[in-house]
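Novice: pasting a predicted model and its sequence here:
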Amino acid sequence: MSPTDTTEPAEAIRPIVELEGLSVEFGHGRRRTTAVAGVSLSLSAGECLALVGESGSGKSVTARTLVGLTAPGAAVRAERFLVEGRDAAAFGEREWRRVRGRTVGLVLQDALSALDPLRRVGAEVGEPLLAHRVLPKAEVPGRVEELLRDVGVPEPAGRARQYPHQLSGGLRQRALIASALAAGPRVLVADEPTTALDVTVQAQVLDLLGELKAKGTALLLISHDLAVVARLADRIAVMKDGRIVESGPAGRVLGAPEHPYTRVLLAAAPDPDRPGPPAATTDDGADDGGTGTNDGAGDDGKARLLTVRGLVKRYRTPDGGLREAVADVSFGLAPGETLGIVGESGSGKSTTAQLVMGMLAPDAGEVLLDGRPWSALPERERRPARPAVQLVHQDPLASFDPRFTVRRILAEALAVAGVARGAARRERAVELLTQVGLGEQHLERRPRGLSGGQRQRVAIARALATGPRLLVCDEPVSALDVSVQAQVLELLARLRAELGLAMLFISHDLAVVRQVSDRVLVMKDGRAVEHGPAERVFRSPEHPYTRQLLAAVPRLPARAPAA
């Protein structure tokens, strides 16, 4: 080889992953469906390619194909599929096991189903280190703590000893990211890696991914959050119906989109700087001056649907101590009003929702419904009023029986609502699915046969089945792409206007909270640190923590004027 030969440098910059003409089909005969059609992409060291599009567009199927995890029976074809120059199309399971985690790491969007419920978090994060013999066994626990700390998990030593169900949704997602990073893969496929994360931890994770990219890791970032994509991506590929309809440099695609579908996605993205709807007219919306102590009482208290006074909930820690998950939280809610609750994972938002639902008993304080005891009642006395208070869970897969079809999931709620069996129940089920952007064809599917966004829409349909007066929404749109998210938020706004439906809206997405809320309650370490009208809180936040949250919100770049 001569001194001027360029073969070695050319090999050094060769893409780690090269994929051309990928097609993935499921089913047989007339039921055969094409999930991905003719997709081509490449990933080189130190670059980030973002794959965006609606639920069901083929993003996650493409991601799973890159690590050999397409569902059994799938027909996978590609004109060219190379991983580190090797023909991945010819890999068997043994070859894929060598590649997964070490060459290509995968972060799934559903942490609860991806983590083994019977193993402690530390064992889950440490498994790639042992499987790929990265470290001696004695050094693994220390490295696990470092990985958990790197992705923003507080008290990593204690969290490593816990099981996945003992962590909040955001903490589970961070543990999953730590596991994917453990063996130092050259490529990281991140499928909605920040979906369950609040904005400050989301910023930490994006910073971490940015550091990995700067050190030479190739990233395939799959996300419905275009502002997140804008922060990290070098290139963007937009998918619709299994095909890439637009691709190019991130600045051009976001700033001057060419395809109508890309423009639709950008138009639907919530904007944290855009004012929300006019506040509901109630006597419960008085500002409390930012103290978080206002319980929403009117002059005579008659307007209140929900009253929360001095809620406290404590838990035992792994070392035997006590931790206050909720500490002296108070607020009120009137018919037709929406209160948004925001804060970091572990701040007490979801625990507050569970206390309001009566799923947990408070250690102090009380919840009143229509001015009458609610939290103090035994469940058998609460049951007749339960149809009036419904929960939209942040993790629909965990709240569904995996054996049930969508029809049966909805049928249980419709039976509680008194809808007769047979044609009437089926007709009402189809109406509910239509309201949330699904159709009759989804009735016979099971939860695992639905995308993450589709599962969340079924969860909302189930909650609406009983005709509730209060909807407790715990991250109700976190798994949805922006266009469907906009549809669901419009649906909730319409239900509020038509039915006088009150909502307790819990979300880490401050742009969404501003869009739907009349008032906002900001929580930190179990306490309400700020509480007031949404526009005042977003425009002139008083507490330093609120200002920190707003500063961490990712934002889309300015778009070029339409031609």
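Specialist: Yep, that arrived. Not measured: the values here are computed from a predicted model.
Novice: separation between Gly152 and Arg547?
Specialist: Between Gly152 and Arg547 the distance, using C-beta to C-beta, to the nearest Å, works out to 19 Å. C-beta here means a position set from N, CA and C on the backbone, and glycine is covered the same way.
Novice: when those two are compared, which one has more neighbours?
Specialist: Taking Gly152 and Arg547 together and counting by other C-beta atoms under 10 Å, Gly152 has the greater number of neighbours (24 against 13).
Novice: list the contacts for the more buried one?
Specialist: Listed by C-beta atoms under 8 Å, 6 or more residues apart in numbering, the contact partners of Gly152 are Arg174, Val201, Gln204, Val205.
Novice: same check on Ser517?
Specialist: Counting by C-beta under 8 Å, 6+ apart, Ser517 touches Gly276, Thr338, Leu339, Gly340, Phe505, Ala534.
Novice: could you rerun that using 6 Å?
Specialist: Applying C-beta atoms under 6 Å, 6 or more residues apart in numbering to Ser517 gives the contacts Thr338, Gly340, Ala534.
Novice: in helices only, show me those.
Specialist: When DSSP state H defines the helices, the subset of the contacts of Ser517 inside them is Ala534.
Novice: hmm, who's touching stretch 218-233?
Specialist: Residues external to stretch 218-233 that are found in contact with it (C-beta under 6 Å, 6+ apart): 16, 43-45, 48-52, 59, 63, 187-192, 194, 206, 213, 250, 254, 269, 481-482, 554-557.
Novice: isn't Leu504 up against Leu470?
Specialist: No - between Leu504 and Leu470 there is no contact, the gap being 7.1 Å when judged by C-beta atoms under 6 Å.
Novice: quick one: which of those two has more around it?
Specialist: Higher neighbour count among Leu504 and Leu470: Leu504, with 26 against 20, using other C-beta under 10 Å.
Novice: quick check, central residue of this structure?
Specialist: Here the mean C-alpha position of the chain is nearest to the C-alpha of Thr195 (C-alpha atoms, centre = their mean), at a distance of 3.2 Å.
Novice: isn't that residue up against Ser478?
Specialist: Yes - assessed by C-beta under 6 Å, Thr195 is found in contact with Ser478 at 5.4 Å.
Novice: for Ser223, report the pLDDT, please.
Specialist: On pLDDT, Ser223 comes in at 86.
Novice: can you read off the pLDDT for Pro277?
Specialist: At Pro277, the model reports a pLDDT of 61.
Novice: contacts for the helix ranked longest in the chain?
Specialist: Of all the segments of type helix in the chain, defined by DSSP H, the longest one is helix 482-499. For helix 482-499, contacts defined as C-beta under 6 Å, 6+ apart pick out Glu54, His224, Leu265, Ala268, Ala269, Gly336, Gly437, Gly453, Val477, Leu501, Val516.
Novice: name the next helix or strand following that helix along the chain.
Specialist: Stepping forward along the backbone from helix 482-499, the first helix or strand reached (DSSP states H and E) is strand 502-506.
Novice: which strands and helices sit next to that following strand?
Specialist: For strand 502-506, the packing partners by 3 or more C-beta pairs under 6 Å, 6 or more residues apart in numbering; DSSP states H and E come out as strand 338-342, strand 470-474.
Novice: partner strands of that strand, parallel or antiparallel?
Specialist: strand 338-342 (parallel), strand 470-474 (parallel) (DSSP bridges).
Novice: worst average pLDDT in those strands?
Specialist: Lowest mean pLDDT within the strands paired with strand 502-506: strand 470-474, a mean of 93.
Novice: that one vs helix 482-499, what angle?
Specialist: Interaxial angle of strand 470-474 relative to helix 482-499 (axes from the mean of the first three to the mean of the last three C-alpha atoms, to 10 degrees): 160 degrees.
Novice: for the chain, which helix or strand comes out least confident on mean pLDDT?
Specialist: helix 7-12 (a mean of 46; mean pLDDT, DSSP states H and E).
Novice: how does the chain divide up, domain by domain?
Specialist: As given by automatic domain parsing, the domain ranges for the chain are 10-267, 336-349+385-552.
Novice: as CSV, these with distance to Lys313 would be great.
Specialist: Converted to CSV, those look like this (distance: least, C-beta to C-beta, whole Å):
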stretch, distance to Lys313
domain 10-267, 14
domain 336-349+385-552, 8
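Novice: and of these, who's closest to Tyr315?
Specialist: Of all those, domain 10-267 sits nearest to Tyr315, with 9.3 Å by C-beta to C-beta.
Novice: what ranges do the strands span in the stretch 1-150 of the chain?
Specialist: Per DSSP state E, counting those that start in this stretch, the stretch 1-150 of the chain has strands spanning 17-26, 33-43, 48-53, 75-77, 80-83, 86-87, 104-107. These are given in chain order.
Novice: now the stretch 201-350 of the chain
Specialist: Under the criterion DSSP E, counting those that start in this stretch, the stretch 201-350 of the chain contains strands at 218-222, 235-240, 243-249, 306-316, 322-333, 338-342.
Novice: where does the stretch 101-250 of the chain dip in pLDDT?
Specialist: Within the stretch 101-250 of the chain, the stretches with pLDDT under 70 are 110, 196.
Novice: and the stretch 251-400 of the chain, by the same measure?
Specialist: For the stretch 251-400 of the chain, the stretches flagged by pLDDT under 70 are 276-303.
Novice: residues near Asp401, how many?
Specialist: Residues lying near Asp401 (other C-beta under 10 Å) number 11.
Novice: can you tell me the element the residue nearest to it when sequence neighbours are not counted falls in?
Specialist: Spatial nearest neighbour of Asp401, chain neighbours left out: Ile409 (7.4 Å); criterion: C-beta to C-beta, 6 or more residues apart in numbering. Counting by DSSP H and E, the secondary-structure element that holds Ile409 is helix 406-416.
Novice: ok, and what's touching that helix?
Specialist: With C-beta under 6 Å, 6+ apart, helix 406-416 has contacts from Pro387, Phe400, Arg425, Arg428, Ala429, His442, Leu443, Arg445, Val458, Arg462, Ala465, Thr466.
Novice: what pLDDT does the fifth one get?
Specialist: Looking at Ala429, its pLDDT is 95.
Novice: can you tell me the element it falls in?
Specialist: Secondary-structure assignment from DSSP H and E places Ala429 in helix 423-435.
Novice: got the angle between the next helix or strand after that helix and helix 406-416?
Specialist: Toward the C-terminal end, the helix or strand that comes next after helix 423-435 (DSSP H and E) is helix 452-464. For helix 452-464 and helix 406-416, the angle between their directions (the same axes, to 10 degrees) works out to 20 degrees.
Novice: average pLDDT across helix 452-464?
Specialist: Mean per-residue pLDDT for helix 452-464: 85.
Novice: picking that back up, now render the strands of the stretch 201-350 of the chain as JSON lines, adding distance to Gly158 and mean neighbour count.
Specialist: Below are the strands of the stretch 201-350 of the chain laid out as JSON lines (distance: least, C-beta to C-beta, whole Å; neighbours: other C-beta atoms under 10 Å):
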{"stretch": "strand 218-222", "distance to Gly158": "30", "mean neighbour count": "24"}
{"stretch": "strand 235-240", "distance to Gly158": "39", "mean neighbour count": "22"}
{"stretch": "strand 243-249", "distance to Gly158": "44", "mean neighbour count": "17"}
{"stretch": "strand 306-316", "distance to Gly158": "12", "mean neighbour count": "19"}
{"stretch": "strand 322-333", "distance to Gly158": "10", "mean neighbour count": "21"}
{"stretch": "strand 338-342", "distance to Gly158": "25", "mean neighbour count": "27"}
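Novice: closest one to Val367 among those?
Specialist: Judging those by C-beta to C-beta, what sits closest to Val367 is strand 306-316, at 5.5 Å.
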